[in-house]
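Undergrad: Sequence first, predicted coordinates after that:
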Amino acid sequence: MLDSATLQKMGSREESVLDLNARHARIVGHPPRIQPLKSSELSADAVEANNNLRKAVSIPATDKLPDFTATMLRHPALYQSHMLLSLDLFRGALLPRDREIAILRVGWLCQSPHEWGEHVKIGKNVGGLTTEEVARIALGSGAAEWNTHDRALLQAVEELHADAMIAETTWTVLSQSLNEKQLIELLVLVGQYQGFAYLHNSLRIRLGEDNKGLFAR
């Protein structure tokens, strides 16, 4: 098990030490490893399924599927299951602000340009996060301005990422503000978005025109 000093150092890692340009070049500077389906290959059901997900996160409907969806629809049954879990999480027990803080911290720790950029927009629109809070999420739990709950939430994500479990002290603090249903949901949420980061990064999913990747704030 990692010691608290290691986890704290990880949580307070300065953004300036990260070469964001190099990370972008590594992931989105090369062609996708699996090409998304073309518009002519997409069914009406696929477009409708995507718009149901967009509606859940307060994003306008569109006839054009994002590259991630159009790629995942090469395995439609798996994509549908993955999407249903995401919808359940967006309609779940966690407050939208807590959910987006956790997702953004996962996206940053995984250095996932697509995930981070998309959820900066969602975190602001749905979770009410400010630009300053988004910047602090990149710094992690070590930033001085967090309240007790937010710091513990970020620590939980950092501990899961580094050690595959939440430490006892962090769990105790979170248990004071989250109920049992929310605590279970948090674990599933972090695992789901760690998995999304694997997909976005390894498939080299393109960034949309309004997605600034790891530079988004």
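TA: Received, thanks.
Undergrad: Can you give me the buried ones in stretch 45-57?
TA: Within stretch 45-57, the residues that qualify as buried are 46, 47, 49, 50, 51, 56, 57, counting by 16 or more other Cβ atoms under 10 Å. For every residue, glycine as well, the C-beta is placed using N, CA and C.
Undergrad: Map the structural domains onto the sequence of the chain.
TA: Using automatic domain parsing, the domains assigned to the chain come out as 4-29+94-215, 39-90.
Undergrad: ranking the ones you listed by mean pLDDT, which is last?
TA: Mean pLDDT values for those show the minimum at domain 39-90, a mean of 85.
Undergrad: Contacts for the longest helix seen in the chain next, please.
TA: Here the longest helix in the chain is taken by residue count, with DSSP state H as the criterion, and it is helix 180-203. Taking Cβ atoms under 8 Å, 6 or more residues apart in numbering as the criterion, the residues outside helix 180-203 that touch it are 27, 32-34, 68, 71-72, 85-86, 89, 92-94, 98-99, 102-103, 106-107, 110-115, 153, 156-157, 160-161, 166, 171, 174-175, 178, 205.
Undergrad: which residues of this structure fall in helices?
TA: Across the chain, reading from the start of the chain, the helices by DSSP H fall at 4-11, 20-28, 44-56, 67-72, 76-90, 96-109, 113-125, 131-139, 148-163, 168-174, 180-203.
Undergrad: can you give me how far stretch 60-79 is from the chain middle?
TA: Taking Cα atoms, centre = their mean, to the nearest Å, the mean C-alpha location of stretch 60-79 is offset from the chain mean by 17 Å.
Undergrad: What are the contacting residues of that stretch?
TA: Contact with stretch 60-79 is made by 32, 34-39, 42, 46-47, 50-51, 54-55, 82, 114, 199-200, 203, 205-206, 208, as judged by Cβ under 8 Å, 6+ apart.
Undergrad: Buried among those? Make that a PyMOL selection.
TA: Selecting only the buried entries of those in PyMOL, with 16+ other Cβ under 10 Å as the criterion:
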select buried, resi 36+37+42+46+47+50+51+82+114+199+200+203+205+206
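Undergrad: Next, the angle from the longest helix of the chain to helix 148-163.
TA: Taking axes from the mean of the first three to the mean of the last three Cα atoms, to 10 degrees, one finds helix 180-203 and helix 148-163 inclined to each other by 50 degrees.
Undergrad: Helix 180-203: which residues count as buried?
TA: In helix 180-203, the ones that count as buried by 16+ other Cβ under 10 Å are 182-183, 185-186, 189-190, 192-194, 196-197, 199-201, 203.
Undergrad: Just give me the neighbour total for residue 127.
TA: A count of neighbours around residue 127, defined by other Cβ atoms under 10 Å, yields 19.
Undergrad: which residues does the spatially most central residue of the chain contact?
TA: For the chain, the residue sitting closest to the mean C-alpha position, by Cα atoms, centre = their mean, is residue 103 at 3.5 Å. By Cβ under 8 Å, 6+ apart, the contact list for residue 103 reads 115, 119, 122, 123, 189, 193.
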